[in-house]
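Chemist: Sharing a sequence plus its predicted fold:
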Amino acid sequence: MRLSKPILLVAALAVTTVPAFAQSGFGPLDPAQPSGITVAQIIEKMGARESEFAAARDQYTFRQDVKFNTLSDDTNRPDGEYHQVTDITFDKDGKRQDHVVFAPQNSIERVIMTENDFRDIEKRLPFVLTAPELPQYDINYLGRQKVDELDTYVLDVKPKVLEKGHRYFQGKVWVDQQDLEIVMVNGMNVPQDMRKGHEDLSPPFTTYYQQIDDKYWFPTYTKAEGNLHFAAQQGALSQDVHVRTIIHYTDYKRFHVNVTIKYNGEDLPTETDSKPKDAPKQ
């Protein structure tokens, strides 16, 4: 996000940090090494499962509800809003199509949403860490942790090198011990443009996943919140803008299927009900 326009201030604003998420529902972190499997095997199997999921998600339609707010420093209530509800579908050739079904007038005035923001909403906030992407990251095992009813491995993930024109995830990843698939992430998208007068910033975020069709863990909820600090420039003092994004991903339905039913010698398409299993509470 970029600052909409500088405002002349009498004094600089204090910088505060907004917690990315509360630790309710989290058991203690056990730093002991995993039993019956090595850390390297956990990472390798996770990458393979995430690759399978990335391909599977391209076979599902779903609804994406994005609400972005700037929040007043005085009341902590929204003073501007961008809201868009989009149905993600596919054409007859299998190409993704975005159909906007609800989009009231944008009332955001204090910041400008950038191309990076919209790309993050589409690709980075519903984070997936596939096998081909693993070499781009340093991944360290932190331990085992119970999140609500799920037994998870906790990994610290950060990019090895920040290449120009690429965005990466940096933060923590919770991996289900049974499915070896990501069930929650908490971190930031990096790098962020910190150049004075050209800042393009985004807050930390948490994404929760839920198991659909008893197989893969799909993103169902994202919350990003924090104070974005814009440096002083050309006679205007620094500004901090409190922002919050909440995204709901719902109505997952399988579009392409691998199973067919024979009837009178012809293949009939089948549909699978999308029934979510328990996920970390939001």
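Modeler: Alright, I've got the coordinates.

Chemist: pretty sure Ile121 is in a helix, no?
Modeler: Yes - if the criterion is DSSP: H, G, I helix; E, B strand; the rest coil, then Ile121 is within a helix.

Chemist: and it, how many neighbours?
Modeler: Neighbourhood size, Ile121 [other CB atoms under 10 Å]: 20. Using the backbone N, CA and C atoms, a C-beta is placed for each residue, glycine as well.

Chemist: The closest residue to Val101 other than its chain neighbours is in what secondary structure piece?
Modeler: Nearest residue to Val101 in three dimensions, chain neighbours excluded: Val85, at 5.2 Å (CB to CB, 6 or more residues apart in numbering). Under the criterion of DSSP states H and E, Val85 resides in strand 78-90.

Chemist: any idea of the mean pLDDT for that strand?
Modeler: Mean pLDDT, strand 78-90: 96.

Chemist: With only the CA atoms kept, save it in PDB.
Modeler: C-alpha atoms of strand 78-90 as PDB (Å, rounded to 0.1, in the frame of the first residue of the first chain):
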ATOM      1  CA  PRO A  78     -13.000   2.000  10.100                       C
ATOM      2  CA  ASP A  79     -12.700   5.400   8.400                       C
ATOM      3  CA  GLY A  80     -12.400   4.000   4.900                       C
ATOM      4  CA  GLU A  81     -13.300   0.700   3.200                       C
ATOM      5  CA  TYR A  82     -12.600  -1.300   0.000                       C
ATOM      6  CA  HIS A  83     -14.900  -4.300  -0.300                       C
ATOM      7  CA  GLN A  84     -15.200  -6.800  -3.100                       C
ATOM      8  CA  VAL A  85     -16.800 -10.200  -3.400                       C
ATOM      9  CA  THR A  86     -15.600 -12.300  -6.300                       C
ATOM     10  CA  ASP A  87     -16.600 -15.700  -7.600                       C
ATOM     11  CA  ILE A  88     -13.600 -17.600  -9.000                       C
ATOM     12  CA  THR A  89     -14.800 -19.800 -11.800                       C
ATOM     13  CA  PHE A  90     -13.400 -21.400 -15.000                       C
END
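
Chemist: Hmm, Ile43 and Pro34 touching each other?
Modeler: No - using CB atoms under 8 Å, Pro34 makes no contact with Ile43, being 11.0 Å away.

Chemist: Of the two, give the one with the bigger neighbour count.
Modeler: Ile43 (22 against 15).

Chemist: what sits against the residue nearest to the spatial centre of the chain?
Modeler: For the chain, Leu125 is the residue whose C-alpha lies nearest the centre (CA atoms, centre = their mean; 2.1 Å). By CB atoms under 8 Å, 6 or more residues apart in numbering, the contact set of Leu125 is Asn189, Phe205, Thr207, Pro219, Thr222, Ala224, Thr245, Ile247.

Chemist: in what helix or strand does the last one lie?
Modeler: Ile247 belongs to strand 239-254 when assigned by DSSP H and E.

Chemist: Can you give me the buried ones in that strand?
Modeler: For strand 239-254, burial by neighbour count (16 or more other CB atoms under 10 Å) applies to 239, 241-249, 252-254.

Chemist: What segments of the stretch 151-282 of the chain are strands?
Modeler: 168-176, 182-190, 205-212, 216-230, 239-254, 260-263, 266-269 (DSSP state E, counting those that start in this stretch).
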